[in-house]
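J.: missing the sequence, but the structure's below:
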């Protein structure tokens, strides 16, 4: 006996199946399940993960709270301004290992951490390393400058983002949960390690770790 059901009726199961498969694919893409999604990240950043693995044993004592990168991650090209109001980007520092720090005058742990960052800049800054401390005060632009001057913190370069977008950009990739936030970044702009909260950046523990991150043996410095 011939199937006399209308063609449209016979197509219903096929349409339902197609929709179900499409929905599953969308769900997988949203929540990270397979279906061709590569977990490897940016290939350019694989060397940063290797650096993280190499220096991981040095993340103790005063820098024990550092979280080492376990997957390649290229940071957003953060945009901010220098002391003269000229635009700067993270990519302007390519070729150097960076300690990118976000701070604000309303953040008590930030203020306490700044002298150590200033000392770190004085001890290790050069062709291979720099501290890029970005202020995110959104109201009085003179307040952070006054704070640095009164605290005699003269070795740090002054960088700011009065819209605090740098914080939102790092938060969007899960690298800014509060203040202060610091990210150790390799010369290609890739994450080596991240810390939420302050650290004693001028301590011997921190100096050894950062020297190792820049490829310099601590014993030689």
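T.: Great, that's in hand. Since we're looking at a predicted model, the values are computed, not measured. Numbers count the residues shown, from 1 in each chain.
J.: Residue 128 versus residue 98, what's the distance?
T.: 10 Å (Cβ to Cβ, to the nearest Å). (Each C-beta comes from the backbone N, C-alpha and C, glycine too.)
J.: and the two? which has more neighbours close in?
T.: More crowded of residue 98 and residue 128, by other Cβ atoms under 10 Å: residue 98, with 20 against 16.
J.: now for whatever helix or strand that one lives in, which elements pack on it?
T.: Using DSSP states H and E, residue 98 sits within strand 97-103. Identification of packing neighbours for strand 97-103 by 3 or more Cβ pairs under 8 Å, 6 or more residues apart in numbering; DSSP states H and E yields helix 108-124, strand 129-135, helix 165-172, strand 181-185, helix 204-213.
J.: and among the ones you listed, the most buried is which?
T.: Among those, ranked by average contacts under mean count of other Cβ atoms under 10 Å, first place goes to strand 181-185 (a mean of 25).
J.: Beyond that one, next helix or strand please.
T.: Next element after strand 181-185 (DSSP H and E): strand 191-196.
J.: How far off centre is that following strand?
T.: Chain-centre distance of strand 191-196: 6 Å, with Cα atoms, centre = their mean, to the nearest Å.
J.: what inclination does it have with respect to strand 181-185?
T.: Counting by axes from the mean of the first three to the mean of the last three Cα atoms, to 10 degrees, strand 191-196 lies at 170 degrees to strand 181-185.
J.: Report the angle between strand 191-196 and helix 204-213.
T.: 160 degrees.
J.: State the mean pLDDT of strand 191-196.
T.: Strand 191-196 comes out with an average pLDDT of 97.
J.: what angle do the strand holding residue 98 and strand 129-135 make?
T.: Using the same axes, to 10 degrees: strand 97-103 against strand 129-135 is 20 degrees.
J.: Which helix or strand lies directly C-terminal to the helix or strand of the chain with the lowest mean pLDDT?
T.: Within the chain, no helix or strand scores below helix 7-31, which has a mean of 37 by mean pLDDT, DSSP states H and E. Per DSSP H and E, the first helix or strand lying C-terminal to helix 7-31 is helix 46-55.
J.: Return the set of buried residues in that following helix.
T.: Buried residues in helix 46-55, counted by 16 or more other Cβ atoms under 10 Å: 48-49, 51-52, 55.
J.: sorry, back to before: roughly how far is the strand holding residue 98 from the heart of the chain?
T.: Worked out by Cα atoms, centre = their mean, strand 97-103 lies 9 Å from the chain centre.
J.: now swap in stretch 124-139 and tell me
T.: For stretch 124-139, the distance to the chain centre is 13 Å (Cα atoms, centre = their mean).
J.: just stretch 75-95 next, same as before
T.: Distance, centroid of stretch 75-95 to centroid of chain: 14 Å (Cα atoms, centre = their mean).
J.: Report the mean confidence score over it.
T.: Rounded mean pLDDT across stretch 75-95 is 97.
J.: how far does it stretch from start to finish?
T.: For stretch 75-95, the first-to-last residue distance is 15 Å (Cα to Cα, to the nearest Å).
J.: swap in stretch 118-131?
T.: 8 Å.
J.: Likewise for stretch 198-205?
T.: 14 Å.
J.: which residues touch that stretch?
T.: Outside stretch 198-205, the residues that touch it by Cβ atoms under 8 Å, 6 or more residues apart in numbering are 58, 60-63, 65-66, 99, 109-110, 112-113, 115-117, 119-120, 123, 131, 180, 182, 206.
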